[in-house]
Every structure is written in structure tokens, then in C-alpha cells.
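Undergrad: Requesting a structural model of the entry that follows:
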Amino acid sequence: MNFREEILNRVVVFDGAMGTMLYNRGVFINQCFDELNITNPALVEQIHIEYRDAGVDVLETNTYGANRFRLAPYGLREKLRELNLKGVEIARKVAGDNMMVAGSVGPLGSPLEPLGKISPAEAMEAFTEQIEILIEGGVDLILLETFPSLPEIELALQAARKITDLPILAQMSVDEDCNALFGTSPEVFARRLQELGADAIGLNCKVGPASMLEAVERIAAVTDLPISAQPNAGRARVVEGRHMFLCSPEYMAEYAKRFIQTGVRIIGGCCGTTPAHMRAVVSAVRASSSGRIDNISRRISVNEPHGTEALQQSEGKGLTERKPAGPDVWARKSAFAGKMAEGKFVVSVEITPPKGWKYTSKLKGIEALRDMGVDAVNIPDSPRATAKMSCLAFAVIVQRETGIETIMHYTCRDRNLLGMQSDLLGAYALGIKNVLAITGDPPKLGPYPFATAVFDVDSIGLVSTVDTLNSGLDLGGDSIGSPTGFLVGVGANPGAIDLDKEVERFEMKVRAGAEFAMTQPVFDPATLRVFLKRIQDFRIPVIAGVWPLISLRNAEFMNNEVPGAQVPDSLMERMRRAATAEEQRSVGIRIAQESINEIGDLVQGIQASVPLGKYESTMEVLSVIPGFENGFRDYREKKASTANDPK
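TA: Model (predicted):
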């Protein structure tokens, strides 16, 4: 079979995840998966057989990490040749004459100079070494996959093109904003990979189908090369300490059709996908047209959900019954705390820090929210393990420039215990009074997988740390002089897959000193009620999350790829019935308003998100809260007056 001819004539289906299948068969992630080619070839062969039987066209060799730099820590540098040749042999044996074999080549595992120690020349040598062996073994094409960095895949592609005329498929990985490492856009890397001689280009890993679709559309707008899409089975969820991907085969198949409509010629699966997923994808592909679609219809872009950890809720009967003890003490902590202590309904809005150093564009929206009556602004801490302005710096700026209080999210990912204590003391000195303690997304889930994660403690330990500072001591038991007076909150996930574990951890957070909780977006009030009932014996004030759905794609993304954000079928159907983008936005706003009306008496407040920076949509959602309707009307009148001003 000729890969170049095949992708011109039809849609070609690659296999799914090898690592996921190995992990499911008991191979732990601290082992070298590539070594299994020689230590347990039967297991690798069996997985290839299952993908073959699912109907895929191409098998990828189990050699993703079989380069000198990734093998060295396992003491396998000298076995590089054997591992790669054996990987090809196993795949070729299963493929026979009716399937193609792609030689898998991944990144080197460490950043290049100047961020790391690998020089461009050393990188070229490493890529050349592995690719030559894969060619010797008899692969049909070279697959460069899961490269987050354009400079690194450029070196890999140049190395491959120097030594072979075999087809080369070059695949980058992008974040939820559709950017590769260092903010490289799909338009930039697509053009560059085409210039360097790739036969096909595309994406794999990092994100699920919904986020990948938008990036694919952008690639299709700037290249005439065949495009590949090999998404994860959604976003990783942690279940009993294990990262799991829970998108169904049916969901993956539905997006396979959408990829084809966008012009994709190569479809596969990455992390979390299994033979069951690929069997469904094969069926969808075979039932769809294999011709490339030249006129790509633009869809509404989906902004990945805010990256706060699970935001927690506690059970209750009514707002006025949720008075924390010691209102005078709470009032001294912050205005936000004082309002909750009085049993009043509080409203906050989450605003993500800017990606760069300029922040003024966000202040206008924050000022409008303040004028409407919003009590506080939540500031996430590098959500989804992406680099943004420091949450501490942005929180200080927001308070200084707008006068509204902030709730600073703080994660355990990036600092050790010494740095945490220093940051928290500095934050309090700078006027930050409210903190939300979050464990944080691991760097491996973000665009900097080589970054080091600290995690000296998790969110429970962080709550205890804040509580200790509030007692006037550091973690060593030494006095810090005047104690801090933080109001400390925590996150929780009412829709957690393992609800028992979630409730157990929530109780531990409360015992560690948590004083209020914030939740994931609530789409199903029944789920919230169940969770609240489970935590009624250790309840603290709860602020429920509300997410205005802005499109059908956004609703599908939330329902399938965001842990805990369960969108009921009835709401999904309402979104589907909305024919236009504006109708979908309107329906999403109504759904959010209905949610507030239904859950308002169960919780102490609402935390709203601002999807895609649409402040007005969020304000419209909040207008159903008593006292907010006038603020929203004043905002619209002011906006109309400004628009009609001839100046």
C-alpha cells in the first residue's frame, strides 16, 4: 500500500493509544514502554492485533520514546537499535500486506537549548539515529508525533527528509487555545512544516476532539496538504489516583465525521483511546464521504473551560441559614467574608489573568461587573498548567485599579513549602485577603510537559498551611509576629466519578481549616442536591459555579471533556434545537439563569464564568439575581449612549 496515494483517495484511519492499552494491562507508567518490544513482545503484538481487528489502516510502532535521550534514564541507551527494530518487526508481523506501518518518533524528552541542555546538533543526531533504524526495519512512513515545540519538530523533520523519501506525517500538539509551545499558532507551524517537506501535517494528543477541531480548521485554512487529527479521548480525569479518559467511542465517532467535513484525511486516536474507540471511528469514516471538503465552514470557537480545580459546594436549606460562626471575626477578614457572615448572597466572577504582561483590556469588564454589584473576582493560578500572569500580581492590580476584592486561587504545583509561605505572607501584606486553595493541574496536562511539578502538599495540606499562618505561626512552629487573616476556600466536584472519595476529601479540607467552598459549573441541580446532602454534617458556606454555554460545541465539550460538568440530555437537546450561533448563546444564557433560580436557595452564592471574555453575557446571566437587574439595565443604557455618541 502506498500512503501518499491512499490519503489522496480516501480517509485513512490510524490506530489508537498504545500507552493506554499497556497501562490497562498492568504496565505502570514508571516503566519504559518501548522496552516491552524485547521484554514482552507478545503483549505489544496483542495490542496491535486488537487495533487491526478494529479495522484501522495503519499501525504505529511502539517506539515513541525509543531515542537516546529518553532511553538513557532507564539504562537502555545501548539497546536503542534492538528496541526500534523489534518495534517495527512486531507491527509488521501483525500488519501483513494489507496494512501500513508508521515508524513512531516522539520528542526527545528534554527541552532544547537555551531552555535545556540538548543542542540542535545533538537533537539532529538523535533523530537521524532512530529514523534510520526504523527505515531499516521496513516502515511504510515516518510519523513525527506529539511535538509541542516547533523548533524541535523542525529538526526531526529535517533529519528525516535528509535520509529518506518515505512519506512523513508531522504532528504537533496544541493546548486548548490552539497554540503549540511558546504560543506558536496553527497557521505558523502548518506553513513551516509544509515548507520543510512534510507529506501531511496535523495534530495529536494534549486535547480532546472538541478543542482539536478548531485548530484543525485553522490549519486547513493555510495549507493544501493532507491533514491529520488524532485527539485524546477527552480530558484526563483522576479516578482513585489514576488518570483516565472517559470520552465514549460514540463521541469520538461523531467528531470523526466533523473532522472529515473539515477536510481531514487522516484520523486516529491518542491517549485514552482503545480498540473500541477506533472501531467506532472506522465505522464513522467508512460511512462518510472520503473526499476532501474545500470550503471549510467556520464554527464558533470553544474556549477551554476555566482551569480552576474542582470547585466545591456544601449542602444547605437556604441562604439565611448558612451563617458562619463569629460574624465579627469574619467581617475583619474581608468584606466578602463579612457579607457571608451576615447570611447574605454573594456573587463572584472568575477572570483569568492575561497571557502576557498587559492587563488593561480586562479592567473595563471588571469595572462593569463591580458597578453591577459583583462582590469579588476570582483569579485562577495558571489554569490548565498554562503560563499566564502571576495570579498574585493580577489580583493586586485588580484590587488597586478597580477597588473590587479578589479571591486569589493558589496551587501546590509550582512552589515548595518555603515558597508557598513566602508567597502567602507577601500576598497578605499586599492586601489579598481571600484565598482559594487548589491542588493544581499537573504540568504534563499543559503545554510544558517537561516542567517540574512540586506538589509538596495537596490542597488539604495547603489549607492547613494557610490556617497555620492565620494562627501566627509558620510550618516550623515559629512565630511570624502578627498572624495573617485569610479567608480560605477550597474546591470540590459535586459531579465527581468517585463521589465517596470527593466527600472524604472535602471533609478533610474542612477539618484542615477550610471556611467556604466553590463548585464546578452546575448544570444538573439534582447532582448538586445529592452532593450537598452527603456533606451536611460538615458543611461550610458554598458558592455554586455557573457556566453560560455559548454554543452547542461548547456544551458538548463541557459534557464530554470537563470532569464533573455533566450537562443533562434535556439541556443538550435545547442547545441542539438552536439553529444559529446567536440562538445558541441565548439558550445558554437562559439555561444558566434557570440554574441560578433553581439552586440559589441551596447555596450561599454564585460564581459565574466569562466564556471567551464575553462579559456582557455573564452580566445578563447574573441579572436574574435580585438587585442585579438594575445594574445590568444601567450598563446597557450606558453602552447604548456611548455607541450613539457622535464623538
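Undergrad: who's in contact with the residue nearest to S248 when sequence neighbours are not counted?
TA: What sits nearest to S248 in space, not counting adjacent residues and going by Cβ to Cβ, 6 or more residues apart in numbering, is N560, at 7.7 Å. Heads up, the C-betas are built off the backbone N, CA and C, glycines and all. Counting by Cβ atoms under 8 Å, 6 or more residues apart in numbering, N560 touches G208, A210, G234, C247, S248, Y251.
Undergrad: switch the cut-off to 7 Å
TA: Applying Cβ atoms under 7 Å, 6 or more residues apart in numbering to N560 gives the contacts G234, C247, Y251.
Undergrad: Share the number of residues neighbouring the first one, please.
TA: When you say that, I think you mean G234. G234 has 26 neighbours, counted by other Cβ atoms under 10 Å.
Undergrad: okay but it is in contact with A210, surely?
TA: No - between G234 and A210 there is no contact, the gap being 8.6 Å when judged by Cβ atoms under 7 Å.
Undergrad: Now the common contact residues for these two.
TA: E561.
Undergrad: quick one: which of the contacts of N560 is nearest to R52?
TA: The closest of those to R52 turns out to be C247 (Cβ to Cβ; 22.4 Å).
Undergrad: Please save the CA atoms from stretch 401-409 in CSV.
TA: Extracted in CSV, the C-alpha atoms of stretch 401-409 (Å, rounded to 0.1, in the frame of the first residue of the first chain):
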residue,chain,number,x,y,z
GLU,A,401,-7.2,49.6,39.8
THR,A,402,-10.8,48.8,40.4
GLY,A,403,-11.4,48.6,44.1
ILE,A,404,-13.1,45.2,43.9
GLU,A,405,-12.0,42.4,46.2
THR,A,406,-10.3,39.3,44.7
ILE,A,407,-10.2,35.7,45.6
MET,A,408,-6.8,34.5,44.7
HIS,A,409,-6.5,30.9,43.6
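Undergrad: which parts of it are buried?
TA: T402, I404, E405, T406, I407, M408, H409 (16 or more other Cβ atoms under 10 Å).
Undergrad: chain center to it: distance?
TA: 25 Å (Cα atoms, centre = their mean, to the nearest Å).
Undergrad: Same check on stretch 351-367?
TA: That offset, for stretch 351-367, works out to 21 Å (Cα atoms, centre = their mean).
Undergrad: average pLDDT for it?
TA: For stretch 351-367, mean pLDDT rounds to 93.
Undergrad: okay, the buried residues of stretch 401-409 in TSV with secondary structure, pLDDT and distance to G431 next?
TA: TSV is the format used below for these (DSSP: H, G, I helix; E, B strand; the rest coil; pLDDT from 0 to 100; distance: Cβ to Cβ, whole Å):
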residue	secondary structure	pLDDT	distance to G431
T402	helix	97	13
I404	coil	97	12
E405	strand	98	9
T406	strand	98	9
I407	strand	98	13
M408	strand	97	11
H409	strand	96	16
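Undergrad: and of the residues you listed, the nearest to L225?
TA: H409 (41.0 Å).
Undergrad: Please identify the buried residues of the one helix or strand T128 maps to?
TA: Per DSSP states H and E, T128 falls inside helix 120-137. Of the residues in helix 120-137, E122, A123, A126, F127, T128, Q130, I131, E132, I133, L134, I135, G137 count as buried by neighbour count, 16+ other Cβ under 10 Å.
Undergrad: cool, and stretch 219-231?
TA: I219, A220, T223, L225, P226, I227, S228, A229, Q230, P231.
Undergrad: for stretch 353-370, same thing?
TA: P353, Y359, K362, G365, I366, E367, A368, L369, R370.
Undergrad: Give me the phi and psi angles of the residue lying closest to the second one once chain neighbours are set aside.
TA: What it means is Y359. Nearest residue to Y359 in three dimensions, chain neighbours excluded: I397, at 5.8 Å (Cβ to Cβ, 6+ apart). Per-residue torsions, I397: phi -60, psi -50 (degrees, to the nearest 10).
Undergrad: So I397 is in contact with W357, correct?
TA: No - the pair I397 / W357 is not scored as a contact, 10.6 Å apart, by Cβ under 7 Å.
Undergrad: count of residues packed around the closest residue to G116 other than its chain neighbours?
TA: In this structure, G116 finds its nearest non-sequential neighbour in S110, 4.8 Å apart by Cβ to Cβ, 6+ apart. Residues contacting S110 under the criterion other Cβ under 10 Å number 14.
Undergrad: so S110 is in which element?
TA: Applying DSSP H and E, one finds S110 in no helix or strand.
Undergrad: Secondary structure class of the residue positioned nearest the centre of the chain, three-state.
TA: The residue lying closest to the centre of the chain (Cα atoms, centre = their mean) is R384, at 5.0 Å. Using DSSP: H, G, I helix; E, B strand; the rest coil, the structure places R384 in helix.
Undergrad: Now do it against T642, distance only.
TA: 35 Å (Cβ to Cβ, to the nearest Å).
Undergrad: what residue ranges in this protein are flagged as low confidence?
TA: 236-245, 289-327, 385, 444-446, 448, 563-564, 643-647 (pLDDT under 70).
Undergrad: Out of the buried residues of stretch 219-231, which sit inside helices?
TA: I219, A220 (DSSP state H).
Undergrad: With distance to R585 as new columns, can the buried residues of stretch 219-231 be given to me in TSV?
TA: Below are those laid out as TSV (distance: Cβ to Cβ, whole Å):
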residue	distance to R585
I219	26
A220	25
T223	31
L225	34
P226	34
I227	29
S228	32
A229	26
Q230	31
P231	25
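Undergrad: which of the buried residues of stretch 219-231 lies closest to G75?
TA: Nearest member of the buried residues of stretch 219-231 to G75, counting by Cβ to Cβ, is Q230, at 30.9 Å.
Undergrad: from memory that closest one sits against N204, does it?
TA: Yes - between Q230 and N204 there is a contact at 3.7 Å, judged by Cβ under 7 Å.
Undergrad: Spell out which residues are contacts of both of the two.
TA: In contact with both Q230 and N204: Q171, C270, using Cβ under 7 Å, 6+ apart.
Undergrad: What does the residue lying closest to G183 once chain neighbours are set aside show for phi and psi?
TA: Nearest non-adjacent residue to G183, counting by Cβ to Cβ, 6+ apart: K355, 7.6 Å away. With angles defined as degrees, to the nearest 10, K355 sits at phi -80, psi -30.
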